[in-house]
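# This is a predicted model, with the sequence first.
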Amino acid sequence: LVMMDLNLPVLDGYEATRQILAHPHSSHVPVVAFSAQCGPERRRRAFEAGCVDCIEKPMDFDKIARVLRRFGSGR
């Protein structure tokens, strides 16, 4: 599981996600976006990049626990 901040300084989280998922060794790894703003447009862009969920900051630890149970099983 990768927790991907969408606001990275050099390569944004959308492109970083695409690159992670394009690589044969990591294409199966779930990527969860997190951002200070996960409104409809950012959520759409995150899912288009390949993210499986988007968590808004400040982080809701109950939501993080649910995401970890769902995607962090090492499937």
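Yep, it's here.
# how many other residues sit next to the nearest residue to residue 42 once chain neighbours are set aside?
Spatially, and ignoring its direct neighbours in sequence, residue 42 is nearest to residue 35 (6.0 Å; CB to CB, 6 or more residues apart in numbering). All C-beta atoms are positioned from the backbone trio N, CA, C, and that covers glycine. A count of neighbours around residue 35, defined by other CB atoms under 10 Å, yields 18.
# what's the helix or strand for the residue located most distally from the centre of the chain?
When distances to the mean C-alpha position of the chain are computed (CA atoms, centre = their mean), the maximum falls on residue 24, with 18.0 Å. Here residue 24 is covered by no helix or strand, with elements defined by DSSP states H and E.
# Can you give the contact residues for stretch 20-40?
Residues from elsewhere that reach stretch 20-40 (CB atoms under 8 Å, 6 or more residues apart in numbering): 1-7, 13, 17, 42-43, 46, 49-57, 59, 67, 71-72, 75.
# again, only this time at 6 Å
Applying CB atoms under 6 Å, 6 or more residues apart in numbering, the external contacts of stretch 20-40 come out as 1-6, 17, 42, 46, 50-57, 67, 71.
# Give me the buried subset of these.
Judged by neighbour count, with 16 or more other CB atoms under 10 Å as the criterion, the buried members of the contacts of stretch 20-40 are 2, 4, 6, 17, 42, 46, 50-56, 67, 71.
# Quick one: mark the members of those residues that sit in strands.
Secondary structure from DSSP state E places 2, 4, 53-56 of the buried ones among the contacts of stretch 20-40 in strands.
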